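Trainee: I would like the atomic coordinates for the input below:
(one chain, ligands or ions: 1)
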Amino acid sequence: MPELPEVEIVRQSLHKKIKKKSIQQVIIRNRNLRFKIPVDFENFIKNKKIIKVSRFSKYLIIHFQNEDYCLIHLGMSGTIHILDKKKPLKFTNTSFYHSPYLPEKHNHAEFVFDNLKVIYNDPRRFGFFEIIRNHQDLDKRFTSMGPEPFSNKFNLNYVVNYFKNKNKDIKSFLLDQKFVSGIGNIYASEILFASKINPFKKAKRLNKNECLSVILNSKRILKHAINKGGSSIRDFKDISGNKGNFQKEFKVYQQEGAHCKRTNCKGIIKKKITSNRSTFFCVSCQK
Ligand SMILES: [Zn+2]
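Mentor: Residues are numbered from 1 along each chain as shown. Have a look, this model is predicted:
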């Protein structure tokens, strides 16, 4: 499942390729996504000029010239492919999660520009498109969600107050989009390892230093993941492009049974499954 860093990589590639361009044609091959693509979608998007592509949490936001917007959520398995019309065999997968080859099946939507095509692929169909018709509605769209990890609102005061009397464990809070937006299962384990905090510790038991550690490591680890993917995406020039190398950076995620990577720690990484999610942590240095 794409998490915030992966969505940010997609945003950067899309922004670079489609800003200041107009969509000439929209082809919908299959409307069935998490929410059905509305019948007026093609007409709404067609001939609109794109100002920029931004992001909130795991939502891509396409900004059109006349204050119209299109949100794209990649769900579990959504990927966006950019095809150069002049070099049809050379294309770019904007996500570093998957193969750089354009899949033959599950290409739901095609956006045609003058010299390129943008294709949305989604085998599991949990992604969706959403039309937003003015600036006020865009602001309202995200008010029920917590701040992004990079936001100044994700600060010590906010976290300490939020955790008061909270019996839920810290890892559940990192995944709770009302508390903080955009942290998923992979990075939650990595952030708590870096913070030396046991994922199952109750949020109300975290002291100020531990809260601060969680905040700073959230920002640092997500930024680092973006930089890693960002540098690999620049090599995605053709079908022989390499995958991102973010996996090599994992300290605990999918490292079950391995020795702890922290210097001077002799602990072993353990995997625990709760409500269908795997949590990875060091039994020795995460208290
Ligand atoms: Zn350890």
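Trainee: show the pLDDT at the spatially closest residue to Phe126 that is not a sequence neighbour.
Mentor: Leaving aside its sequence neighbours, Phe126 sits nearest to Gly75 (CB to CB, 6 or more residues apart in numbering; 3.0 Å). (Glycine included, C-beta is placed from N, CA and C.) Looking at Gly75, its pLDDT reads 91.
Trainee: near Gly75, how many other residues are there?
Mentor: 17 (other CB atoms under 10 Å).
Trainee: over to Phe35?
Mentor: Residues near Phe35, counting by other CB under 10 Å: 12.
Trainee: wait, it touches Gly127, no?
Mentor: No - look at Phe35 against Gly127 with CB atoms under 8 Å: they stay out of range, at 9.5 Å.
Trainee: where's Glu130 relative to Asp137, distance?
Mentor: Distance of Glu130 to Asp137, given as CB to CB, to the nearest Å: 10 Å.
Trainee: go on, Ala109?
Mentor: 22 Å.
Trainee: how about the residues of this structure by the ion?
Mentor: Contact residues (CB under 5 Å from the ion) of the chain with the ion: 260, 262, 265, 267, 282, 284-285.
Trainee: surely Ala203 and Val160 touch.
Mentor: No - checked against CB under 8 Å, the pair Ala203 and Val160 is beyond contact range at 10.2 Å.
Trainee: neighbour count winner among these two?
Mentor: Comparing Ala203 with Val160 by other CB under 10 Å, the one with more neighbours is Ala203, at 24 against 15.
Trainee: tell me what the helix or strand encompassing Ser13 is packed against?
Mentor: Taking DSSP states H and E as the definition, Ser13 sits inside helix 4-18. In terms of contacts (3 or more CB pairs under 8 Å, 6 or more residues apart in numbering; DSSP states H and E), helix 4-18 is packed against strand 50-56, strand 59-64, strand 79-84, strand 116-121, helix 208-233.
Trainee: so which residues make contact with the helix or strand following the second one?
Mentor: Put plainly, it is strand 59-64. Heading C-terminal from strand 59-64, the first helix or strand you meet, by DSSP H and E, is strand 69-73. Identification of contacts with strand 69-73 by CB atoms under 8 Å, 6 or more residues apart in numbering yields 34, 44-45, 58-64, 78, 80, 120, 127-133, 138, 141.
Trainee: tell me the strands beside strand 69-73, with direction?
Mentor: Sheet pairing of strand 69-73 (DSSP bridges) gives strand 59-64 (antiparallel), strand 128-132 (antiparallel).
Trainee: how about the helices in the stretch 101-250 of the chain?
Mentor: Applying DSSP state H, counting those that start in this stretch to the stretch 101-250 of the chain gives helices spanning 135-141, 156-163, 170-175, 185-194, 208-233.
Trainee: pick the most deeply packed of those helices.
Mentor: helix 185-194 (a mean of 24; mean count of other CB atoms under 10 Å).
Trainee: angle of that one against helix 208-233?
Mentor: 130 degrees (axes from the mean of the first three to the mean of the last three CA atoms, to 10 degrees).
Trainee: state the mean pLDDT of helix 185-194.
Mentor: Over the span of helix 185-194, the pLDDT mean works out to 95.
Trainee: shouldn't Asp122 be in contact with Pro103?
Mentor: No - in this structure Asp122 lies outside contact range of Pro103 using CB under 8 Å: 9.8 Å.
Trainee: those two: which is more packed in?
Mentor: Asp122 (24 against 15).
Trainee: what residue ranges in the stretch 101-250 of the chain score low on pLDDT?
Mentor: 101, 230-247 (pLDDT under 70).
Trainee: rewinding a little: what's the spacing between the helix holding Ser13 and its chain's center?
Mentor: Relative to the chain's own centre, helix 4-18 is displaced by 10 Å; criterion: CA atoms, centre = their mean, to the nearest Å.
Trainee: now the helix or strand following that helix: average pLDDT?
Mentor: Where DSSP H and E defines the elements, the next helix or strand beyond helix 4-18 is strand 25-28. Averaging pLDDT along strand 25-28 yields 96.
Trainee: ok, and what's touching strand 25-28?
Mentor: By CB under 8 Å, 6+ apart, strand 25-28 touches 37, 41-42, 45-46, 108-112.
Trainee: how about that strand: buried residues?
Mentor: By neighbour count on 16 or more other CB atoms under 10 Å, the buried set for strand 25-28 is Val26.
Trainee: all set, thanks.
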